[in-house]
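Participant: okay, sequence plus prediction incoming.
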Amino acid sequence: MGMKLSEAMRKGTAARPGCKGGMFVSLSTDGKKQIHSCALGAAYEGSIGHQKTEKQLSEMSVTVLYDDLKLMFPQLGRVHGYDQNERHMTLEGAIVCLNDDKGWSRDRIADWVEEVEKRPKGAMFKCPT
């Protein structure tokens, strides 16, 4: 069996600073331009085992990155849960919500994903508030 999503996310989290609003975002910190990754970007790089350069990332469409990630972790695109308004959501949607809207750290999201992974296959989750 391959790497779990939570493991890939933790591995990728160690490689870059975090961000919101995109899988990979170029930000200037202390006058230095640096690529940051969201929770899904961390999972992507953790699963492939290396960081993409800014040039490589600029040459890839976000759609291709998300499609590649869903090939590695198909559970991302499946409806597994619901939000506080009882709307169904995918695991990917929940992770984006926790990262971008709720401001959770990528490590905290990885911990939550690990709890979801422990549930029986097909068991529904409620996205934390």
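Facilitator: Cool, got the structure.
Participant: need the helix or strand of the protein with the lowest average pLDDT.
Facilitator: None of the helices or strands of the chain scores lower by mean pLDDT, DSSP states H and E than strand 79-82, at a mean of 80.
Participant: packing partners of it?
Facilitator: strand 88-90, helix 91-96, strand 125-126 (3 or more C-beta pairs under 8 Å, 6 or more residues apart in numbering; DSSP states H and E). Placement of C-beta: from N, CA and C, glycine included.
Participant: which residue lies farthest from the center of this protein?
Facilitator: Ranking residues of the chain by C-alpha distance from their mean position (C-alpha atoms, centre = their mean) puts G31 at the top, at 26.9 Å.
Participant: for that one, what are phi and psi?
Facilitator: Backbone torsions of G31, given as degrees, to the nearest 10, read phi 80, psi 0.
Participant: circling back to that earlier point, quick check: buried residues in the least confident helix or strand of the chain?
Facilitator: 80-81 (16 or more other C-beta atoms under 10 Å).
Participant: ok, the most centrally placed residue in the chain - contacts?
Facilitator: Residue closest to the average C-alpha location in the chain (C-alpha atoms, centre = their mean): L40, at 1.8 Å. Residues near L40 by C-beta atoms under 8 Å, 6 or more residues apart in numbering: 23, 66, 69, 76, 92, 95-96, 99.
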